[in-house]
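I need the structure of the sequence given here:
(2 chains)
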Number of protein chains: 2
Amino acid sequence: MELLKEKIRKEGHVKGQGILKVDSFLNHQLDVALFEEMGKAFAKRFAGQGINKILTIETSGIAIATSTARYFDYCPVVFGKKYVSLNLDSDIYSSDVYSYTKQQSYKIMVSKQYLNENDRVLIIDDFLANGKAVEALMDVIKQAGATLVGVGIAIEKGFQNGGALLREEGIALESLAIVDEMSEENGIVFRD
Amino acid sequence: MELLKEKIRKEGHVKGQGILKVDSFLNHQLDVALFEEMGKAFAKRFAGQGINKILTIETSGIAIATSTARYFDYCPVVFGKKYVSLNLDSDIYSSDVYSYTKQQSYKIMVSKQYLNENDRVLIIDDFLANGKAVEALMDVIKQAGATLVGVGIAIEKGFQNGGALLREEGIALESLAIVDEMSEENGIVFRD
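Numbers count the residues shown, from 1 in each chain, chains lettered A, B, ... in the order given. Just a heads-up that it's a prediction; the model follows:
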């Protein structure tokens, strides 16, 4: 998706440790007009497949999933929770994720009330790197007996193995921008 | 806002400790069509005041703020971060909040890059109870030298003092539904 690539070229910052900082529009400040264009792009790529639920994970997936839902007939968005609160049901699906960004493991939790065997699910997330978060969401979908239709990602780090692993498994993965190389010196190279 | 009140009446659950559980549409599963109606309502109530930035706080404020931004000319949304990550700038505004729901204090952090003296800010959040989160966001706005135009809340717990305190201070507070009483036995009473 050219608009997203352009935005990354203009505003993204490559930092050490394989970090692409896109705080100005995706992870701290949010560009909602861009998210709606991303939602349209996902709707085009996953058209006619009866998606009736979008599953994402807090925090940065939520805004993209919200903007995407309007192009899937305003289907419900469910976000996996990372942090326990008094409000959370005890009756949950859960799965473990190791986050390299946060340098710790966490559980994602989804209440059993909001995911079931009638759901045809599109996973949406901001980044795909090693794929651990998406695998945990897939695990939750499996536990619920729901159907995974596909995975829609804003930015895939093509130099990490998450995307390759998912495609090998036959998962319908659509990434709007795939970064194949990046460095502070040479900038960002996108996959065609 | 009648649509929101109706939704709360139908799907909200009052639990002990003053908790109103609205997981099915606001805090875990998200009703984006409803959020857009809420966004329209905020746009009507804060029309013509030059709002050019929406400030919210992770997690549950994000989706509402995202849907609201489209009715404020797609202005940027910035969300205060509660959790430190490798990606966060070191140059931040921060303020402390005590959360009764989570039973702990936390910092909210906003990068200095995304809030400045040219911003006319609308704060958006899902709940207002004692007002601690909103006060912290107001503190951040003050630190940035930005202008607070108003505060838009989905559900105000009118039986807690946050709303009264903000109104006494002269803050333009607009809550789409104000719960004046609630109990497991007698249900929910809204303010007119």
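
Enumerate every residue touching the residue positioned nearest the centre of chain A.
In chain A, the residue lying closest to the centroid (Cα atoms, centre = their mean) is residue A:125, at 1.1 Å. By Cβ atoms under 8 Å, 6 or more residues apart in numbering or on different chains, the contact set of residue A:125 is A:56-57, A:60-61, A:64, A:133-134, A:137, A:151-154. Placement of C-beta: from N, CA and C, glycine included.

how about 10 Å then?
Contacts for residue A:125 were tallied using Cβ atoms under 10 Å, 6 or more residues apart in numbering or on different chains; they are A:55-57, A:60-62, A:64-65, A:80, A:131, A:133-134, A:137, A:151-156, A:175.

same deal with residue A:22?
A:4, A:7-8, A:11-13, A:28-29, A:31, A:60, A:126-127, A:154-155, A:177, B:87.

In strands, which of those fall?
A:13, A:29, A:126-127, A:154-155, A:177 (DSSP state E).

From the chain's centroid, how far away is stretch A:19-29?
Here stretch A:19-29 is found 14 Å from its chain centre; the criterion is Cα atoms, centre = their mean, to the nearest Å.

what distance separates the start and the end of it?
Using Cα to Cα, to the nearest Å, the end-to-end distance of stretch A:19-29 comes out at 17 Å.

that's a strand at residue A:140, yeah?
No. Residue A:140: not assigned to a strand; according to DSSP: H, G, I helix; E, B strand; the rest coil it is helix.

How about it: what's its closest non-neighbour residue?
In space, and not counting its chain neighbours, residue A:140 is closest to residue A:93: 4.5 Å by Cβ to Cβ, 6 or more residues apart in numbering or on different chains.

Over to residue A:76?
Using Cβ to Cβ, 6+ apart, the nearest residue to residue A:76 is residue B:29, at 5.1 Å.

and the one you found, how many neighbours?
Neighbour count for residue B:29, taken as other Cβ atoms under 10 Å in any protein chain shown: 20.

Where does the prediction get shaky in chain A?
Within chain A, the stretches with pLDDT under 70 are A:84-89, A:101.

quick one: the strands in it?
So, for chain A - with DSSP E - the strands run A:13-15, A:19-21, A:29-30, A:53-57, A:77-80, A:92-99, A:104-111, A:120-128, A:147-157, A:173-183, A:187-190.

what helices or strands is the fourth one leaning on?
If you count contacts as 3 or more Cβ pairs under 10 Å, 6 or more residues apart in numbering or on different chains; DSSP states H and E, strand A:53-57 packs onto helix A:61-69, strand A:77-80, strand A:104-111, strand A:120-128, helix A:132-144, strand A:147-157, strand B:29-30.

Now render the ones you listed as JSON lines, adding distance to residue B:97.
As requested, the helices and strands packed on strand A:53-57 are exported to JSON lines (distance: least, Cβ to Cβ, whole Å):
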{"stretch": "helix A:61-69", "distance to residue B:97": "20"}
{"stretch": "strand A:77-80", "distance to residue B:97": "21"}
{"stretch": "strand A:104-111", "distance to residue B:97": "21"}
{"stretch": "strand A:120-128", "distance to residue B:97": "25"}
{"stretch": "helix A:132-144", "distance to residue B:97": "26"}
{"stretch": "strand A:147-157", "distance to residue B:97": "29"}
{"stretch": "strand B:29-30", "distance to residue B:97": "23"}
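
The ones you listed: which one's closest to residue A:20?
strand A:147-157 (6.9 Å; Cβ to Cβ).

Quick check: can you name the pairing partners of the closest one and their directions?
strand A:120-128 (parallel), strand A:173-183 (parallel) (DSSP bridges).

before we move on, the earlier item: generate TSV for the strands of chain A, with distance to residue B:71 as supplementary columns.
Listed next are the strands of chain A as TSV, based on distance: least, Cβ to Cβ, whole Å:
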stretch	distance to residue B:71
strand A:13-15	31
strand A:19-21	29
strand A:29-30	15
strand A:53-57	22
strand A:77-80	19
strand A:92-99	34
strand A:104-111	30
strand A:120-128	22
strand A:147-157	23
strand A:173-183	25
strand A:187-190	33
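
of those, which approaches residue B:119 most closely?
Proximity to residue B:119 (Cβ to Cβ) singles out strand A:29-30 among those, at 11.2 Å.

what does that closest one rub up against?
Contacts of strand A:29-30 (Cβ under 10 Å, 6+ apart): A:11, A:22-24, A:60, A:62-64, A:66-67, B:53-54, B:56, B:62, B:65-66, B:69, B:76-79, B:110-111, B:113-115.

The same query, at a cut-off of 7 Å, please.
Defining contact as Cβ atoms under 7 Å, 6 or more residues apart in numbering or on different chains, one finds that strand A:29-30 is touched by A:23, A:63, B:66, B:76-78, B:114.
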